[in-house]
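In: next comes the sequence, and after it the predicted model I'd like to discuss.
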Amino acid sequence: MQDGPNVGKAVGRTIDVQAADEAKPAADRRTYSELPDRSGKWPRPVRVVFIAGSAAALWGLIFVGLKML
């Protein structure tokens, strides 16, 4: 434990940090039904190309990794 004239400085800084946290605005508390609509999907061909490209890239990385062993 600290002894001396600087003992209260750490406590003062802690109180300052707590006061700063309390001064922040509250989080946005909207219900799920009030949130903006995010149901827009990508067109089907774009989704197919994206998934196929991701799968090809993954298999390519696996193939290169096995060749390096």
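Out: Structure's in. What do you need? Everything numeric in this text was worked out from a predicted model, so none of it was measured. Residues are numbered from 1 along each chain as shown.

In: can we go C-alpha only for contacts and neighbour counts from here?
Out: OK.

In: ok, longest helix in the protein?
Out: Using DSSP state H, we find that the single longest helix of the chain is helix 44-68.

In: tell me the mean pLDDT over that helix?
Out: Helix 44-68 carries an average pLDDT of 96.

In: packing partners of it?
Out: The contact analysis (3 or more C-alpha pairs under 8 Å, 6 or more residues apart in numbering; DSSP states H and E) places helix 44-68 against no helix or strand.

In: what does it rub up against?
Out: The contact list for helix 44-68, computed with C-alpha atoms under 8 Å, 6 or more residues apart in numbering, is empty.

In: start the count at 59 instead of 1 going forward.
Out: Sure thing, new numbering starts at 59, so read that last one as helix 102-126.

In: and that helix, which residues are buried?
Out: Buried residues in helix 102-126, counted by 16 or more other C-alpha atoms under 10 Å: none are found.

In: and what of stretch 86-106?
Out: Within stretch 86-106, no residue counts as buried by 16+ other C-alpha under 10 Å.
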